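Colleague: Turn this into a structure:
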Amino acid sequence: MQLGTRWPVGEATPERLPDAVRLAVRAVEAEVAGIDTSQWRWTLTWLEGLPVVELDDGTVIRYDPQSDAARTEPAEG
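Modeller: Numbering: from 1, shown residues only. This is a model prediction of the structure:
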């Protein structure tokens with residue numbers, strides 16, 4: 001696993017993310033729009049060359065290059 005970067009909710013996603021992941025990030029941000037996320041950050045890591053994006057609340061977004069799709073795993077709790 002390789003650490004990529006961190007960025008605040010609502011800020012621009014890293015350019016190197018596939019479009020499907022970027023869209024998934026925006027969808028999650030839309031879902032939490034009514035919550036104070038001013039201190040929340042996204043963390044991008046690379047696992048076996050694929051991006052894994054995790055929000056501070058535990059939501060995880062994984063990318064499947066074969067289908068060019070992102071899968072969102074909601075935070076538990």
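
Colleague: give me the element the residue nearest to the spatial centre of the chain is part of.
Modeller: In the chain, the centroid-proximal residue (Cα atoms, centre = their mean) is V53; its distance is 3.5 Å. Element membership of V53 [criterion: DSSP states H and E] is strand 50-55.

Colleague: picking that back up, helix/strand/coil for the closest residue in space to the residue nearest to the centre of the chain that isn't next to it in sequence?
Modeller: Nearest residue to V53 in three dimensions, chain neighbours excluded: I61, at 4.4 Å (Cβ to Cβ, 6 or more residues apart in numbering). All C-beta atoms are positioned from the backbone trio N, CA, C, and that covers glycine. Put simply, I61 is strand when judged by DSSP: H, G, I helix; E, B strand; the rest coil.

Colleague: count of neighbours near I61?
Modeller: Residues lying near I61 (other Cβ atoms under 10 Å) number 24.

Colleague: just W40 next, same as before
Modeller: So W40, with other Cβ under 10 Å, has 16 neighbours.

Colleague: What separation do you get for it and Q66?
Modeller: 30 Å (Cβ to Cβ, to the nearest Å).

Colleague: again with D19
Modeller: Counting by Cβ to Cβ, the gap from D19 to Q66 is 15 Å.

Colleague: the more surrounded of the two?
Modeller: D19 (10 against 5).

Colleague: The residue nearest to L44 when sequence neighbours are not counted sits in which helix or strand?
Modeller: Closest residue to L44 apart from its sequence neighbours, by Cβ to Cβ, 6+ apart: G4 at 3.5 Å. Using DSSP H and E, G4 sits in strand 2-8.
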